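S.K.: Starting from these lines, generate the structure:
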Amino acid sequence: MKRLQQPDIRSIKEIAMSKAMICLLIAVLGSPVAFAQNIAGRPFIAVRGHAEVRVVPDVFPVAVTFSDTQMDGGKAQATVEQLVATVIAKAKARGLEDADLSIGNLLVTADSEYDDESEKSKFTGTKYQRRLEFRFRKLVDLKSFLAELPARKEVQAQTLEFRLAEPGDIRRRLLAAAIEDSRKTGDVFAQGMGGTLGNVQTISDKPLQLSTGSYINPIDVSSVESTTILTAEQIANIPVARNITSAALLAPGSVRGSSTEIAISEGVVRVVADVYVIYLLND
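M.R.: Residues are numbered from 1 along each chain as shown. Next up, the predicted model:
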């Protein structure tokens, strides 16, 4: 009769310990806020601090594109340059500084269209195009500028994302608030472990890569919530066809110059700050 081989007790213990370590690792990786571990024998707590604020923007940019296509390229260029000079003069009359004006390069292309009868592309003229960006510091100036734009097919305007002129100062204040938030969170974890929060071992505004896991990259953006509101009276005065698509052409992101009052709200800019701190844990 063949003897049954006795199980290796040591192997069973090693397997059990490996499973326990896997469970612990999963538990640590699943915690997006904080966790405790040892650094060279010293227990520590890694914490993410968070702070955010919503503020009214103070930079209101708009991009204006000038383009004209004619068989006589010289006439197309003259039309574009004349319109550019006129619009720049209107912007400077509103107090726009040179630093808040960006003038793009002149783009010259040969336009053509496909002729079904000849089954060939047919030259339709030379297209001249420029794109300028104007950055106003008051929303009322942006509105007045849009209302004064020449109501011509050669001129198209598009409002850009409203933003802050000096976001650095706000972000630095938020970092201080985020550090305070991390300490409060660390205190809660330390009390739960029966200890107290000690000195800072490491601090960073980037996720910390640790041997037992890592943090998910934070979302840190400045975005704008801005809306255009058209009343029934304003829609009735808009010089476009009475349909949703044509009315939408006057919304932020695709604004056509006209004498109609354009209602644009300032909205708010959301600024976020995250810090990652390792606190030593006192017994």
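
S.K.: what comes up buried for the longest helix along the chain?
M.R.: Across the chain, the longest stretch assigned as helix under DSSP state H is helix 167-192. Going by neighbour count (16 or more other C-beta atoms under 10 Å), the buried part of helix 167-192 is 167, 170-171, 174-175, 177-179, 181-182, 185-186, 189-190. Every C-beta, even on glycine, is put in place using the N, C-alpha and C of the backbone.

S.K.: any idea how far Leu146 is from Pro57?
M.R.: Per C-beta to C-beta, to the nearest Å, Leu146 is found 17 Å from Pro57.

S.K.: returning to that earlier point: what pairs with the following helix or strand past the longest helix of the chain, parallel or antiparallel?
M.R.: Sequence-wise, the next helix or strand downstream of helix 167-192 (DSSP states H and E) is strand 196-204. Applying DSSP bridges, strand 196-204 is found paired with strand 268-282 (antiparallel).

S.K.: looking at the sheet around Gln70, what are its partners?
M.R.: Beta-bridge partners, per DSSP bridges, of Gln70: Thr126.

S.K.: the strands in the stretch 51-200 of the chain, which residues?
M.R.: Using DSSP state E, counting those that start in this stretch, the strands of the stretch 51-200 of the chain run over residues 60-70, 101-103, 107-115, 120-136, 155-159, 196-204.

S.K.: Would you tell me which of those gets closest to Gly95?
M.R.: Of all the strands of the stretch 51-200 of the chain, it is strand 120-136 that lies closest to Gly95, at 8.6 Å by C-beta to C-beta.

S.K.: Buried residues in the closest one, which are they?
M.R.: Residues of strand 120-136 classed as buried: 125-132, 134-136 (neighbour count, 16+ other C-beta under 10 Å).

S.K.: Put the alpha carbons of that strand into PDB.
M.R.: What follows is strand 120-136, C-alpha atoms only, in PDB (Å, rounded to 0.1, in the frame of the first residue of the first chain):
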ATOM      1  CA  LYS A 120     -13.100  68.200 -61.500                       C
ATOM      2  CA  SER A 121     -12.300  70.700 -58.800                       C
ATOM      3  CA  LYS A 122     -12.900  74.300 -59.900                       C
ATOM      4  CA  PHE A 123     -10.900  77.300 -58.600                       C
ATOM      5  CA  THR A 124     -13.200  79.700 -56.900                       C
ATOM      6  CA  GLY A 125     -10.800  82.300 -55.600                       C
ATOM      7  CA  THR A 126      -8.000  83.200 -53.200                       C
ATOM      8  CA  LYS A 127      -8.900  83.200 -49.500                       C
ATOM      9  CA  TYR A 128      -7.300  85.600 -47.100                       C
ATOM     10  CA  GLN A 129      -7.800  85.000 -43.400                       C
ATOM     11  CA  ARG A 130      -6.600  86.400 -40.000                       C
ATOM     12  CA  ARG A 131      -7.400  85.400 -36.500                       C
ATOM     13  CA  LEU A 132      -7.100  87.900 -33.600                       C
ATOM     14  CA  GLU A 133      -7.700  87.400 -29.800                       C
ATOM     15  CA  PHE A 134      -8.900  90.200 -27.600                       C
ATOM     16  CA  ARG A 135      -8.700  89.900 -23.800                       C
ATOM     17  CA  PHE A 136     -11.000  92.300 -22.000                       C
END
